[in-house]
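*Asks:* Turn this into a model:
(chains A and B)
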2 protein chains.
Amino acid sequence: MYIICLDLEGIFTPEIWEAVAYKTGIEKLSLTTRDIPDYDMLMNQRLKILRDNDISLNDIQSIIEKMDLLPGAIEFIDWLQLNAQLIIVTDSFVEFIKPFAKKLKYPMIFCHNLEVDKNGFIINYKLRLRDMKKETVRAFKDLNYTIIAIGDSYNDIGMLENADYGILFRPSEKVKQEFPQFQVNTEYTELKNFISNHLGIK
Amino acid sequence: MYIICLDLEGIFTPEIWEAVAYKTGIEKLSLTTRDIPDYDMLMNQRLKILRDNDISLNDIQSIIEKMDLLPGAIEFIDWLQLNAQLIIVTDSFVEFIKPFAKKLKYPMIFCHNLEVDKNGFIINYKLRLRDMKKETVRAFKDLNYTIIAIGDSYNDIGMLENADYGILFRPSEKVKQEFPQFQVNTEYTELKNFISNHLGIK
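*Replies:* You can find the predicted model right below:
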């Protein structure tokens, strides 16, 4: 029996921080784990920029609520729900992803959470677990599932490496070059075909 | 962060084998883990009866497709999807539960599967994992989740015991007497209130 573990941003949604950068006009917020592999360094930089620019959680949530899923993502999630067991495993935060959860029709989502002060400003982030994506795959394998993991960036590599099958979906050229061991796909139909073949879906 | 682990039959749906017993007129098929705690013994008895009566997987699936969820179950699942992360953990089989998955709007479901011969008769069942319900709770706890587990019968006890909070929902009098350590609820509103209080939902 299979579980499909998928990253959120880049797979189903645009990058949240890129959208925040665009809407606020702060270019440095557009950097992601594709650019800065060290997640702690990246997050601390983001939180400092938010503080320096008086941007609250509420401001970010308003931006996220107006974001659409990627073209074709709805059809892909519909197909996945009908044919497989899926879980979205993201290093984003429960406070950010709620509007997406609805658009994605409430799949299981594993993520982290934020610490917010009484004025609504983000003061810290709390990782539920170190190497959460990798550990999630390991836990499901221990429960006798075969794992197909799909991600796009540095923080997905542990998940992809520990899965039975790891796929890079629309990775940057840099990530693609650095991890040539993974299959690279750019279209949902390719993911569907791969999953169909493995799960025996006709 | 919380995950709510729920049994399927008795919580969201009527007992599948009771429905099969009713539709086929074979009373012995109505026994469940509430009556025979040894799951292997129970399943082997069920499969023998099916064979002896020429009842195929297809016959059972036709019965299941006509079954409704329990009254109030849809509203309960809607509320859960909106407010919490849930997983259904059932000792039933992927071949049985597909019609229910749709009615429940495709939550994550952990289950087992059946072995079917070329004529469509069930010849065996394959547990994905021994003590699957209990092991699922343990795995999620290792991923730093707090677990509220909800079940109704003997095969749920390991799950309830290993969860941070275990609730018996509409258990038989026998189960209720035998496991007085668990909170007993009979209404979805009671479950909602308990979950709301713990997750801080207003």
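
*Asks:* Mind checking what secondary structure A:Ile148 has?
*Replies:* What DSSP: H, G, I helix; E, B strand; the rest coil gives for A:Ile148 is strand.

*Asks:* Distance of it relative to B:Tyr106?
*Replies:* Noted for A:Ile148: a distance of 17 Å to B:Tyr106, by Cβ to Cβ, to the nearest Å. C-betas here are computed from N, CA, C, even on glycine.

*Asks:* Give me the more crowded residue out of these two.
*Replies:* The residue with more neighbours, out of A:Ile148 and B:Tyr106, is A:Ile148; 23 against 20, by other Cβ atoms under 10 Å in any protein chain shown.

*Asks:* got a list of what the more buried one touches?
*Replies:* Contact analysis of A:Ile148 by Cβ atoms under 8 Å, 6 or more residues apart in numbering or on different chains lists A:2-5, A:163-165, A:167, A:194-195, A:198.

*Asks:* Try it again at 10 Å.
*Replies:* By Cβ atoms under 10 Å, 6 or more residues apart in numbering or on different chains, the contact set of A:Ile148 is A:2-6, A:84, A:86, A:160, A:163-167, A:191, A:194-195, A:198-199.

*Asks:* of those residues, list those near chain B.
*Replies:* Among the contacts of A:Ile148, proximity to chain B is found for A:3, A:84, A:86 (Cβ under 10 Å from any Cβ of the partner chain).

*Asks:* want to throw the residues you listed into a markdown table with secondary structure?
*Replies:* Below are the ones next to chain B among the contacts of A:Ile148 laid out as a markdown table (three-state DSSP):
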| residue | secondary structure |
| --- | --- |
| A:Ile3 | strand |
| A:Ala84 | coil |
| A:Leu86 | strand |
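
*Asks:* By neighbour count, sort out the buried ones in those.
*Replies:* If you count burial by 16 or more other Cβ atoms under 10 Å in any protein chain shown, the buried members of those come out as A:3, A:84, A:86.

*Asks:* Tabulate those (a markdown table), appending distance to A:Glu135 and pLDDT.
*Replies:* Shown next, in a markdown table, are these (distance: Cβ to Cβ, whole Å; pLDDT from 0 to 100):
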| residue | distance to A:Glu135 | pLDDT |
| --- | --- | --- |
| A:Ile3 | 14 | 97 |
| A:Ala84 | 21 | 93 |
| A:Leu86 | 18 | 96 |
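
*Asks:* so, if you compare these, which one comes nearest to A:Ile74?
*Replies:* Nearest to A:Ile74 out of these is A:Leu86 (Cβ to Cβ; 13.8 Å).

*Asks:* what residues are up against the closest one?
*Replies:* The contact partners of A:Leu86, taken as Cβ under 10 Å, 6+ apart, are A:2-6, A:76-77, A:80, A:104, A:107-108, A:148, A:150, A:195, B:106, B:108.

*Asks:* near chain B, which residues of chain A show up?
*Replies:* Chain A comes close to chain B at residues A:1, A:3, A:77-78, A:80-82, A:84-87, A:94, A:98, A:101-102, A:105-113, A:126-130, A:132, A:135-136, A:138-145, as judged by Cβ under 10 Å from any Cβ.

*Asks:* Using PyMOL, define a selection of the buried residues within the residues you listed.
*Replies:* Buried residues among these (16+ other Cβ under 10 Å), as a PyMOL selection:
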select buried, chain A and resi 1+3+77+80+81+84+85+86+87+94+101+106+107+108+109+110+111+112+127+128+129+132+135+136+138+139+140+141+143+145
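
*Asks:* List the ones among the residues of chain A next to chain B that fall in helices.
*Replies:* Here DSSP state H is the test, and the residues of chain A next to chain B give A:77-78, A:80-82, A:94, A:98, A:101-102, A:132, A:135-136, A:138-142 as lying in helices.

*Asks:* chain center to the longest helix that chain A contains: distance?
*Replies:* Assignment by DSSP H gives helix A:39-52 as the longest helix of chain A. With Cα atoms, centre = their mean, to the nearest Å as the basis, helix A:39-52 stands 18 Å off its chain's centre.

*Asks:* swap in stretch A:78-86?
*Replies:* On Cα atoms, centre = their mean, the centre of stretch A:78-86 falls 18 Å from the chain's centre.

*Asks:* as a whole number, average confidence for stretch A:14-33?
*Replies:* Average pLDDT, stretch A:14-33: 92.

*Asks:* Give the buried residues for that stretch.
*Replies:* A:15-17, A:19-21, A:23-24, A:26, A:29, A:31-33.
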